[in-house]
Every structure is written in C-alpha cells, then in structure tokens.
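Output the structure for:
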Amino acid sequence: MKILMKSSWPLPLIAWLCLVASPLVAQENAPYKSKPKGHEQNLQRAASAYAGNLKKYANDTNLLVLPGLVADKKQKRVAVMVESTRLGPNSACEFTIIGETSDHAYEALLLSLAKPSEVHRALQFIGATPGEPFDPESLRFWAKGESFVLSLDRTNEPPLRLEKLLLDRRTGKTLPEEGFLFIGSRMVPALNDPGKKVYAADEYQPKSIVSLFNSTFSVFEVPYSAPQSVVYQNTIVNPEYEFPEGALLTLVIEPANKDDSKRAKDLVLLVETGKTPTDKPGTAMELLTSLSLQLKDAETVLNGKPTLISVVKTLALLDGKQHDYYLTVSFGDKVELSQAQALAKILSTLDSEQGIRINPPPAGQLYYRAFTPDLELLDREARFFHPWELSLAEKDGRVSGKLLLIDSVWKPGASASELEITELSVSGPQDLRRELEAEAERTRKADKRARPPVIMVFAPSTLNYGQLTKFLEPALPTHKIIHVYLDLPLPPIPKPKRKT
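Numbering: from 1, shown residues only. Here you go, the predicted model:
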C-alpha cells in the first residue's frame, strides 16, 4: 500500500546526523598545505638526530629509536621532535599536534616530525595499550583509555603542559590538566589500494596525533566530552606562551600513573525483573523497585542489596579522582520494556563525566538510550530524515509487526516534495531481515545514498526485553540507532489531499 502526502521539506535529507561521526575523507587537494618557516631545515635536523641516535643507542634494549623520536622503556618516556606552526596568539585551534604531512597546520599548534603510527609504536614499546575511541557509529560516546601527560621540555625551566598552551574563551582559563587518553588510530583501507590496511592517522586527513575534540581516528584525545564545533568556537592559543614560527621543540609523553595502575575501570550492571506479571501499569517508582540489580566489578558484586538505591549509593562511593568508571548495562530477557524505560531515565542522569560513563551494549542488546527516544522524530513533516518505522504487537505470546518505508519524492512540476509511505507486514525476525535486505538491494541498484541505519519501534510496554531483541536481531548488526516508543501508536497517515 502506498500513500502520498505533502511535506514542507524541499528535498529529502539523509540523517547521518544521528551518527555524529563522519566517515574518513582523504583531502588530497586541500588548500591548507602551508608549512612553517624553516620546515625543511627542521626535517634535516630530525634526520640527522635519527642517524645519530641509531648509532648512540644501538646496543641499548631499553630504548627504541624511530625517525623523530626516542622511547625509553625504563623511564616510561617518549620524546618526540615537534615544530611550532604559524598559529598566532588568540587564534582558533582544534588540534594540539598533527602529523608532518597534515594539511591542517592552520588550526594546529605543533607539527610532529615523527609519524602518528610511530608515536603509537613508541607508546606500546614503553608498555602502553591503546584504548577505545569515541565512536558514535559503534554506540561508544566516551573515549576509554589510559591517561598520559604531554608537555614541552624546556631548558632550565619546568616542563610546560600542553593544556597550558590553550585557553577556553568561555572561562578565560587554560584547559583542564586532565591529560590525554591514548586511544590509538585505526587500521583502515589504503587510499589507492582498498585491499591494503594502513594506519588512519598516517594517511587520512587531518592526521591527528593529539585532538582537542572527540575523534575516532586520533592517537590521543581529550578525556571529556568535546564536540568539534564547540572546541573550534571556544578554544584559542594562549598568548602567554608564544613560540617563534618553526621553532624546534621536544614533546615529552609520560603515563599519568607511572606505577602501572589503570585509570579506566569497567563495571557491569545486570538488570533482572522481580515483578509479578499484572495488567495494571505501574508507576515509575513501582517499576524501579520491581527490578533486581547487580553491580559487578569483574566477578565481585559491589552493591549490598539488589535495589536501585543500593546501586546508586555504591556508585557514589567510588573514587572518581583515581579512576574513570565505564559501565556496561545488560538487561535480562524477562525485563518488561516499561521497567527498562524507567531505569534508562535514571541512567541518563548518571551518564556523565562526573558520574559513570556508559559503554556500548552487549552484543544483541540495545543501547540504553533507545528507551529515552527522540520525540521530535514523531513529526514526519518536520524531521530531517525518514527512518524505518516498526509497530509491534503481541498475541498469545507471539510478536508480529507492521513496517513502514518512508521516502520524500518529487512529482513533475511540484513545488514541494511528498511523502511516499509503503506498508509492509512482518510476522517475525526473518520477515524483517528480508525487507531490510530488499531495500538495501534496491538502493544499491538505483545507486542511491543508503538509508540511515535508524529504526523507530512502537511497542506495548508489557512486551519483554527478550521478545523485542529477538524480533530486532536481524537488524541490530546494521541498524544500531533504535528509538523505542512505548504505548504510542504509529504517527497517523493522513489521506492525500485532493487537487482543487
């Protein structure tokens, strides 16, 4: 069944906005390739230092010598040759350090004369392990890794931490001295040879080594939430510390915890139901108190009682100064969706830099924020894109559904687009898989942009978590963004207007 209705949007907009992170883009023809004065001479000095260090430390197994750097395993220290860019005082800044072949010197403080992958290798040599990057596509909204102190070595003066080189316009203060997380860039297909894997920060712009905003492909990033647009608008070069253009400097990288203690700590919250089935809807408090919760560190249960209050008290007593805590939430199959929604609202208030940072869900489960959905998406006429809409119902323990495929189309001579809605019956997971695959194949053959991997689910609050995830199982590997609306009908489909 197809129905056409008017839309005020001039063109269909694809909502990769929901993923926040954009794919890597190679910028071979970027116009910003200027290097600081004396750059070629600095390259020659770096090459000479490399040759000298290879001879000097040839028999020292505690040292790793690479072009542009020396790593000391015993001292747990990496020294990298860097040079200052043309960026002047009070200039906007997005990157602290980028690779020497980056096109982004116009918005970075320092160029590294060591490749990003070699900085990564040096960190591993001194015993560091890369963590996990900020990656919305994988539902990881917090970078996770060990903290490092990065500073510039100065003769006869204390080292100068990188955070001091930058100011926040909003506060007038330097950036918080919280260190930088070693997350490591990724191995990705090479630009000219998709069958070959390369270190992303070596080959793809911006070739970031130390990013000031949350990034999926930098070697280091900040340990807090920092969207790129906010950083660019509010971060400037501190005029108190000005280096001559092209000055050759030494960057020192050291672990924040030299005693090998780990800052990042993983916790697991196991969520089960103790609720007796009833047709009467419960209040939020009743739903929360009917849950049975276990907060675990490895195999140890941390909360004294299986209650939400006990879990919250336990979390409050954790040492946030010594550790960053990352929580994985795992729902049991018997948990009712109404209970999951009540808990998700509480978790959303705890999920913060000052609280607990919530990890991506376990395989086969939904990210907890699926149960705090975006209500603005319910207005088909106003939204920027059209996700799949899935309405589920249960009868005699069996779940079935109705799937809506929605597109904006233009008719010849029309002044506005119309919404084309196709209704599909899906009696189970295999039907859902078939329809998603069929649409993907139609899109491929038509050479169109892929539909955003988003599904809006309309379900009864009494449905069990396991029933929902079983139905969605074929979609979860490819459609990670799920919005679950409980006890709400699909938005109405108005009849097409007649021509006058």
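
how near is the residue positioned nearest the centre of the chain to residue 80?
Centroid check for the chain by CA atoms, centre = their mean gives residue 135 as the closest residue, at 2.5 Å. Applying CB to CB, to the nearest Å, the value for residue 135 to residue 80 is 26 Å. All C-beta spots, glycine's among them, are computed from the backbone N, C-alpha and C.

circling back: surely the residue nearest to the centre of the chain meets residue 218?
No: checked against CB atoms under 8 Å, the pair residue 135 and residue 218 is beyond contact range at 11.7 Å.

re earlier: where does the nearest residue to the residue nearest to the centre of the chain once chain neighbours are set aside land in three-state SS?
In space, and not counting its chain neighbours, residue 135 is closest to residue 216: 4.9 Å by CB to CB, 6 or more residues apart in numbering. Under DSSP: H, G, I helix; E, B strand; the rest coil, residue 216 falls in the coil class.

Now do residue 216 against residue 170, distance only.
From residue 216 over to residue 170 (counting by CB to CB), the distance is 25 Å.

Show me which parts of stretch 288-295 are buried, residue by residue.
Buried residues in stretch 288-295, defined by neighbour count with 16 or more other CB atoms under 10 Å: 288, 290, 291, 292, 293, 294, 295.

Mind pulling the model confidence for the fifth one?
This means residue 293. If you check residue 293, the pLDDT there is 98.

Wasn't it part of a strand?
Yes: according to three-state DSSP, residue 293 belongs to a strand.

partner residues bridging it?
Taking DSSP bridges, one obtains residue 271 as the residues bridged to residue 293.

Which residues does stretch 77-85 contact?
36, 38-39, 42, 45-46, 49, 68-72, 97, 105-106, 108-114, 119, 122-123, 126, 152-153, 243-254 (CB atoms under 8 Å, 6 or more residues apart in numbering).

just the helices in the stretch 1-150 of the chain please.
Assigned by DSSP state H, counting those that start in this stretch, the helices in the stretch 1-150 of the chain fall at 39-56, 116-125.

Tell me which two in the buried residues of stretch 288-295 are the farthest apart.
The distance between the two most remote of those (CB to CB) is 17.5 Å, for 290 and 295.

if we can go back for a sec, which residues are in contact with both of residue 135 and residue 218?
Joint contacts of residue 135 and residue 218 (CB under 8 Å, 6+ apart) do not exist.

Could you report the pLDDT at the residue lying closest to residue 242 once chain neighbours are set aside?
Closest residue to residue 242 apart from its sequence neighbours, by CB to CB, 6+ apart: residue 89 at 5.7 Å. Looking at residue 89, its pLDDT is 94.

so where's the chain shaky on pLDDT?
1-33, 276-281, 414-415, 493-500 (pLDDT under 70).

Would you map out the domains in it?
If you go by automatic domain parsing, the domain ranges for the chain are 2-16+373-486, 60-255, 264-276+283-362.

List of residues touching the helix or strand residue 470 falls within?
Per DSSP states H and E, residue 470 falls inside helix 465-472. With CB under 8 Å, 6+ apart as the test, helix 465-472 has contacts from 331-337, 340, 364-366, 392, 394, 399, 401, 428-429, 432, 455, 457, 459, 476, 479, 482, 484.

Just after it, pick out the following helix or strand.
For helix 465-472, the succeeding helix or strand toward the C-terminus, using DSSP H and E, is strand 481-486.

and that following strand, what other elements does it pack with?
helix 337-350, strand 454-459 (3 or more CB pairs under 8 Å, 6 or more residues apart in numbering; DSSP states H and E).

For the ones you listed, state which one has the densest average packing.
Highest mean neighbour count among the helices and strands packed on strand 481-486 (mean count of other CB atoms under 10 Å): strand 454-459, with a mean of 23.

Partner strands of it and their direction?
strand 388-395 (parallel), strand 481-486 (parallel).

and residue 64, which of the ones you listed is closest to it?
Residue 64 sits nearest to strand 481-486 of all the strands paired with strand 454-459, at 42.0 Å, using CB to CB.

how about the strands in the stretch 301-450 of the chain?
324-331, 357-358, 388-395, 398-409, 418-426 (DSSP state E, counting those that start in this stretch).

Dump those to TSV, plus distance to residue 311 and mean neighbour count.
Formatted as TSV, those follow (distance: least, CB to CB, whole Å; neighbours: other CB atoms under 10 Å):
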stretch	distance to residue 311	mean neighbour count
strand 324-331	10	20
strand 357-358	13	24
strand 388-395	30	18
strand 398-409	30	17
strand 418-426	37	17
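
Out of the contacts of stretch 77-85, which end up buried?
The neighbour count (16+ other CB under 10 Å) marks 36, 38-39, 42, 46, 49, 68-72, 97, 105-106, 108-114, 119, 122-123, 126, 152, 243, 245-254 as buried among the contacts of stretch 77-85.

among those, which are in strands?
Under the assignment DSSP state E, the buried ones among the contacts of stretch 77-85 contribute 69-72, 97, 108-112, 152, 248-254 to strands.

Turn the strands of the stretch 301-450 of the chain into JSON lines, columns for distance to residue 196.
As requested, those are exported to JSON lines (distance: least, CB to CB, whole Å):
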{"stretch": "strand 324-331", "distance to residue 196": "33"}
{"stretch": "strand 357-358", "distance to residue 196": "35"}
{"stretch": "strand 388-395", "distance to residue 196": "35"}
{"stretch": "strand 398-409", "distance to residue 196": "37"}
{"stretch": "strand 418-426", "distance to residue 196": "41"}
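
Those strands: which one's closest to residue 161?
strand 324-331 (19.2 Å).

Show me the contact partners of that closest one.
Contacts for strand 324-331 (CB under 8 Å, 6+ apart): 142, 144, 223, 263-271, 315, 318, 340, 347, 356-362, 365, 368, 465.

hmm, back to that, neighbour-wise, which of residue 216 and residue 170 wins?
Taking neighbours as other CB atoms under 10 Å, residue 216 and residue 170 compare with residue 216 leading, 24 against 10.

In contact with that one: list those residues for me.
21, 133, 134, 135, 137, 186.

Can you turn the buried part of those into a PyMOL selection?
To isolate the buried ones among the contacts of residue 216 in PyMOL, judged by 16+ other CB under 10 Å, type:
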select buried, resi 21+133+134+135+137+186
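
isn't residue 187 right up against residue 198?
Yes: here residue 187 reaches residue 198: they are 6.9 Å apart, a contact under CB under 8 Å.

the more surrounded of these two?
Neighbours per residue, other CB under 10 Å: of residue 187 and residue 198, the larger number sits with residue 198, 17 against 12.

Phi, psi for the nearest residue to residue 224 once chain neighbours are set aside please.
Of all residues not flanking residue 224 in the chain, residue 353 sits nearest, at 5.1 Å (CB to CB, 6+ apart). With angles defined as degrees, to the nearest 10, residue 353 sits at phi -60, psi -40.

would you list the domains of the chain in CSV and tack on distance to residue 54?
CSV is the format used below for those (distance: least, CB to CB, whole Å):
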stretch, distance to residue 54
domain 2-16+373-486, 46
domain 60-255, 5
domain 264-276+283-362, 35
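
ranking the ones you listed by burial, who's on top?
Comparing the domains of the chain by mean count of other CB under 10 Å gives domain 60-255 as most buried, with a mean of 19.

what's the straight distance from one end of it to the other?
22 Å (CA to CA, to the nearest Å).

from now on call the first residue 648
Got it, first residue is 648 now, which makes that one domain 707-902.
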